[in-house]
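Q: I need the structure of the sequence given here:
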Amino acid sequence: MLALIFPKLALSEENCPSCEFNWQIGLAVGQTYYESPLSGADDISLPVIPLLEMSYGRFYLKNTTLTYDLYQTETRAFSLKGKHNFDGLYHYANDKGIDGKFAFIMGNFGEPEVEEEPEEKRLSYLAGVEFTQLSTEYNSLFTYSLLNDVTNTHNGFEAEFKWTKIWLSEKFELSTDAVLTYKSDDLFEYYYDSELTGSNVVKKFSVNLAYPLLDNWWLALNYQYQALPGKMTNSPIVDESSLHSYFAGIIVRW
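A: A predicted model of the protein is given here:
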């Protein structure tokens, strides 16, 4: 069941250069909802989300997030990491409708098709370093990362601290995430036409629950709350001060 909360640890428990290639596909079927911060934009709602995970030695891929462990012990890891910047996905989903929503989940790294709008925000990809510390005493995972735009889109960066607390039993697994993400002015200015007044820190809290039904089948519930910073809420194209997202449904893996 750890694949639902800690897929990297579950898929490649013996992450070493001599490990064999592992892969896993799956589907999350149910109600997925992301609230958009953009003024006048539709919120994102999806009935099905495809899941893809692969590992080989120190490499690990989950959908469009890639990590390579430079150093790893049973409780620590120092890694190179790359991931999509979610701020760009808000614009992409709004421009492209349902087809775009599925495209960004599957990992379309290209630019959106040219439209007649005067300026269209491009997707961006972030890459950098990540340090992970597992505390078995407190059943917690602490993650620190520093990622920079490598697609020459906005040339901004993110610095993030994440604390994951885990509760496991024979009947279910539960985790909570508390996240602080510092985003640079370049990112706010590009994606939100920000006036650059206020805080740069996004605060997130999420709850994740998984209950096993059959082999490789889980009932899953997820809820996330985001408190948006001043440099985002003061933007002329943002009309929200907080965001909510959730998933309720079935996850199956092969």
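Q: where along this structure do the helices fall?
A: 2-5, 7-11, 86-106, 185-192, 230-233 (DSSP state H).
Q: now do the last one: everything it contacts.
A: Right, helix 230-233. By CB atoms under 8 Å, 6 or more residues apart in numbering, the surrounding residues in contact with helix 230-233 are 37, 183, 185, 188, 192, 194-200, 202, 238, 240-241. Bear in mind the C-beta positions are built from the backbone N, C-alpha and C, glycine included.
Q: and it, what's its mean pLDDT?
A: For helix 230-233, mean pLDDT rounds to 96.
Q: tabulate the CA atom coordinates of that helix in CSV.
A: C-alpha atoms of helix 230-233 as CSV (Å, rounded to 0.1, in the frame of the first residue of the first chain):
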residue,chain,number,x,y,z
GLY,A,230,0.1,38.4,-1.5
LYS,A,231,2.1,38.5,-4.7
MET,A,232,-0.5,36.2,-6.2
THR,A,233,-3.7,37.6,-4.7
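Q: for that helix, the distance to its chain's centre please.
A: 21 Å (CA atoms, centre = their mean, to the nearest Å).
Q: next, the buried residues of stretch 200-212.
A: Neighbour-count burial for stretch 200-212 flags 200-202, 204, 206, 208-210 (criterion: 16 or more other CB atoms under 10 Å).
Q: what of stretch 185-203?
A: Buried residues in stretch 185-203 (16+ other CB under 10 Å): 186-192, 194, 198-202.
Q: what does it rub up against?
A: 37, 85, 87-88, 90-91, 121, 149, 153-158, 179-184, 226-238.
Q: out of those, name the ones that lie in strands.
A: Of the contacts of stretch 185-203, the ones assigned to strands by DSSP state E are 149, 157-158, 179-183, 226-227.
Q: hang on, Lys162 packs against Thr143?
A: Yes. Between Lys162 and Thr143 there is a contact under CB atoms under 8 Å: 4.3 Å.
Q: ok, back up a step: a markdown table for the buried residues of stretch 200-212, including pLDDT and distance to Ile250?
A: Formatted as a markdown table, the buried residues of stretch 200-212 follow (pLDDT from 0 to 100; distance: CB to CB, whole Å):
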| residue | pLDDT | distance to Ile250 |
| --- | --- | --- |
| Asn200 | 98 | 38 |
| Val201 | 98 | 35 |
| Val202 | 98 | 30 |
| Lys204 | 98 | 25 |
| Ser206 | 98 | 19 |
| Asn208 | 97 | 15 |
| Leu209 | 96 | 13 |
| Ala210 | 95 | 11 |
